[in-house]
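Visitor: all I have is the shape, not the residue letters:
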């Protein structure tokens, strides 16, 4: 009687039988939601606008009337 060999063999047999069982997964959504798709596209468009470098806005210099010197 060698109990040290029986335990690993039993564990290996159990894990082998568990790995054969089918996995139960939720199927993907067949039809995408139009509202979700629209929000996703809007979000992607907004993120690409933010990624572009923006030039600083500068005001043109004020024009002042020159008074002729007397």
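Guide: Cool, the structure landed. Given the structure is predicted, the values throughout are model-derived calculations rather than measurements. Residues are numbered from 1 along each chain as shown.
Visitor: what distance do you get for residue 22 to residue 12?
Guide: Computed as C-beta to C-beta, to the nearest Å, the residue 22 to residue 12 distance reads 21 Å. Every residue, glycine included, has its C-beta placed from N, CA and C.
Visitor: out of these two, which sits in the busier spot?
Guide: The neighbour comparison of residue 22 against residue 12 (other C-beta atoms under 10 Å) goes to residue 12, with 10 against 5.
Visitor: list the buried residues of the host helix or strand of that one.
Guide: In this assignment (DSSP states H and E), residue 12 forms part of helix 3-20. Buried residues in helix 3-20, defined by neighbour count with 16 or more other C-beta atoms under 10 Å: none.
Visitor: quick check: next helix or strand after that helix?
Guide: Following helix 3-20 in sequence order, the next helix or strand is helix 34-51 (DSSP H and E).
Visitor: okay, now residue 64: neighbour count?
Guide: Considering only other C-beta under 10 Å, residue 64 is surrounded by 6 other residues.
Visitor: for the least confident helix or strand in the chain by mean pLDDT, what is the distance to the chain centroid?
Guide: Every helix and strand in the chain was compared by mean pLDDT, DSSP states H and E; the lowest is helix 3-20, with a mean of 76. Relative to its chain's centre, helix 3-20 lies at 40 Å (C-alpha atoms, centre = their mean, to the nearest Å).
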